[in-house]
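Undergrad: here is my input; please provide its structure:
(one chain, ligands or ions: 1)
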Amino acid sequence: MQRRAPTEAGIWAPLHKGEDAGRVSIAPVRILLVEDDKLLADAVGRALTQSTYAVDVVTTGDEADAALSHQVYDLAILDIGLPGLSGLEVLERLRNRRSRVPVLMLTAMDALSDRVRGLDAGADDYLTKPFDLPELEARVRALLRRGAEVDSSLVHGRLRLDTSARRVYHEGQPVELSAREFAVLELLLMRAGRVVSKEHMVNHLYGWGDEVGANAIEVYVHRIRKKLEPLGCEIRTVRGMGYLVERADGEPA
Ligand code: CA
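TA: Numbering: from 1, shown residues only. Next comes the predicted model:
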């Protein structure tokens, strides 16, 4: 996977309209770009990176499926015609995992059936090749905005993570977490009920501008525990495997 370094600070996350609207955390917006045409991938990747998004570029359907299974993205730009798994198969697998990450499909000019099948399979928007970069960027901004409005909360018991503003609330009261503590917690809660390996967490945090090792993950988990255990949220250590947050009561399996 080719990784483009995000800016050190990332970009300003979208303003959250609700509680504490004046205080906004900084987090990079992460985009997965799946395109096997190298020239096009380079041009799009460069444009998005210049817009200060953190962009991962992959060129096959299988790499895309792996990246979307193991990383958290704010948006995926998905070409339909790919070596290995097709873009449509990648999309179907993504939605079968119940991921709601917004997907912008790239389709060939005359492939109406691809567009229809893509939208049926859960794509949020499509763009026909060839396209202008400003149009792509406008679609990206629109999808990110929509994503932030529609689905910016991750609720776990009495905790609510505002994933746009990168803030945590316990029964409506803000809990102070650093950006990285937030990212670690988000990862654990998104996979509540499953063990998350340290290696997986390292991969997720990589790309923030410096090296994150397994020791650093232990430090973040330790800090999160200190803040959240008094509030009744427990992060279990699964020896030799990783960390686990149990599913909250009433959460669907
Ligand atoms: Ca292609």
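Undergrad: contacts and neighbour counts: CA atoms only from here.
TA: Will do.
Undergrad: helices along the stretch 1-150 of the chain, start to end?
TA: 38-50, 61-70, 87-96, 112-120, 133-150 (DSSP state H, counting those that start in this stretch).
Undergrad: check those helices for me: which has the lowest mean pLDDT.
TA: Lowest mean pLDDT within the helices of the stretch 1-150 of the chain: helix 112-120, a mean of 82.
Undergrad: check the offset of that one from the chain's centre.
TA: With C-alpha atoms, centre = their mean, to the nearest Å as the basis, helix 112-120 stands 24 Å off its chain's centre.
Undergrad: sorry, back to before: which of the helices of the stretch 1-150 of the chain is buried the deepest?
TA: helix 87-96 (a mean of 20; mean count of other C-alpha atoms under 10 Å).
Undergrad: contact residues of this structure facing the ion?
TA: Contact residues, the chain versus the ion (C-alpha under 5 Å from the ion): G81, L82.
Undergrad: in this structure, what residue lies closest to the ion?
TA: In the chain, the residue that lies nearest the ion is G81 (4.1 Å; C-alpha to the ion).
Undergrad: that residue contacts V90, doesn't it?
TA: No: here G81 does not reach V90: they are 11.0 Å apart, not a contact under C-alpha atoms under 8 Å.
Undergrad: distance of R100 from A76?
TA: Distance from R100 to A76, counting by C-alpha to C-alpha, to the nearest Å: 11 Å.
Undergrad: same deal with R247?
TA: Note on R247: its distance to A76, by C-alpha to C-alpha, is 27 Å.
Undergrad: residues contacting the spatially most central residue of the chain?
TA: Closest residue to the average C-alpha location of the chain: Y73 at 2.1 Å, with C-alpha atoms, centre = their mean. By C-alpha atoms under 8 Å, 6 or more residues apart in numbering, the residues touching Y73 are V29, R30, I31, L32, V101.
Undergrad: so which residue of this structure lies furthest out from the middle?
TA: Most distant from the centre of the chain: D110, at 30.9 Å, with distances by C-alpha atoms, centre = their mean.
Undergrad: which parts of the stretch 151-253 of the chain are helices?
TA: Taking DSSP H, counting those that start in this stretch as the criterion, the stretch 151-253 of the chain contains helices spanning 179-190, 198-205, 214-228.
Undergrad: need these in CSV with mean neighbour count, can you?
TA: Formatted as CSV, those follow (neighbours: other C-alpha atoms under 10 Å):
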stretch, mean neighbour count
helix 179-190, 19
helix 198-205, 18
helix 214-228, 15
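Undergrad: to V58, which of the ones you listed lies closest?
TA: Nearest to V58, of all these, is helix 198-205, at 15.4 Å by C-alpha to C-alpha.
Undergrad: and that closest one, what does it pack against?
TA: Helices and strands touching helix 198-205, by 3 or more C-alpha pairs under 8 Å, 6 or more residues apart in numbering; DSSP states H and E, are helix 179-190, helix 214-228.
Undergrad: now do 7 Å
TA: Applying 3 or more C-alpha pairs under 7 Å, 6 or more residues apart in numbering; DSSP states H and E, one finds that helix 198-205 contacts helix 214-228.
Undergrad: thanks again, I'm all set now.
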